[in-house]
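No sequence on hand, only this structure:
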Ligand code: HEM
């Protein structure tokens, strides 16, 4: 129990470090000619990383048999939402100058913005229902069903990244493969009747 609490503190502090570094770089003007663009791309990448880590928890837990990893999932998901909110805010500020009508027009006009918005909006109900109280209120089964939205969110996020990259698609491709593997693994353990000790990725 004490180990898990320590692990949570370690993950919490480490998850804040990229934000501290970003603020440090912004403060010292080490962010190129366009600081808000820098903030948008950095927070976008952080959102995608935390979202992927959240989806990776169950496969990692099952493959390596580390059950306590599940205790980190909520925190990682909330960090994904936190960085996603910062990412959206920098876009509304830098790209749209806080003109909300123009945000709506942009969502309709640019498909990559639509995909990003879908990824973000799909995360919102998960963040809202992340408390123990909400798990109780919804009931475990309904809560778990609702939280499957994270898979749609991470797919939309990868599509968003893929669509916005103009030439070098290596990074979005890497994320696409990682997400495909993670979701494929989930499907595999859900629908394949694995025999003990013969499966490459055994059930618990
Ligand atoms: C789960 C939600 C989201 C994720 C994971 C995400 C992820 C990303 C990533 C990885 C990048 C590229 C960073 C880079 O170039 O290194 C990016 C850029 C960007 N995203 Fe998002 N995004 C999300 C939501 C949104 C939303 C809601 C909007 C706006 C409505 C948005 C607008 C943008 C813009 C304008 C850029 C910069 C494009 C450019 O460089 O020209 N994103 N995002």
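Structure's in. What do you need? On a predicted model such as this, the values are computed, not experimentally measured, just so you know.

Now do the helices in the protein.
For the chain, the helices defined by DSSP state H occupy 2-27, 35-64, 73-94, 100-109, 111-128, 132-138, 140-146, 149-164, 170-191.

Output the ones you listed in TSV; the columns should cover mean pLDDT and mean neighbour count.
Any C-beta I mention is one placed from the backbone N, CA and C, and that applies to glycine too. Listed next are those as TSV, based on pLDDT from 0 to 100; neighbours: other Cβ atoms under 10 Å:
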stretch	mean pLDDT	mean neighbour count
helix 2-27	94	12
helix 35-64	95	19
helix 73-94	97	20
helix 100-109	97	12
helix 111-128	98	18
helix 132-138	95	12
helix 140-146	94	12
helix 149-164	98	20
helix 170-191	94	14
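
Using CSV, please lay out those helices together with distance to the ligand.
Formatted as CSV, the helices of the chain follow (distance: least, Cβ to the nearest ligand atom, whole Å):
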stretch, distance to the ligand
helix 2-27, 13
helix 35-64, 3
helix 73-94, 4
helix 100-109, 6
helix 111-128, 3
helix 132-138, 20
helix 140-146, 17
helix 149-164, 4
helix 170-191, 7
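
List the contacts of the residue nearest the centre of the chain.
Nearest residue to the geometric centre of the chain (Cα atoms, centre = their mean): residue 51, 1.5 Å. Listed by Cβ atoms under 8 Å, 6 or more residues apart in numbering, the contact set of residue 51 reads 77, 80, 84, 119, 123, 150, 153, 154, 157.

Thanks again, I'm all set now.
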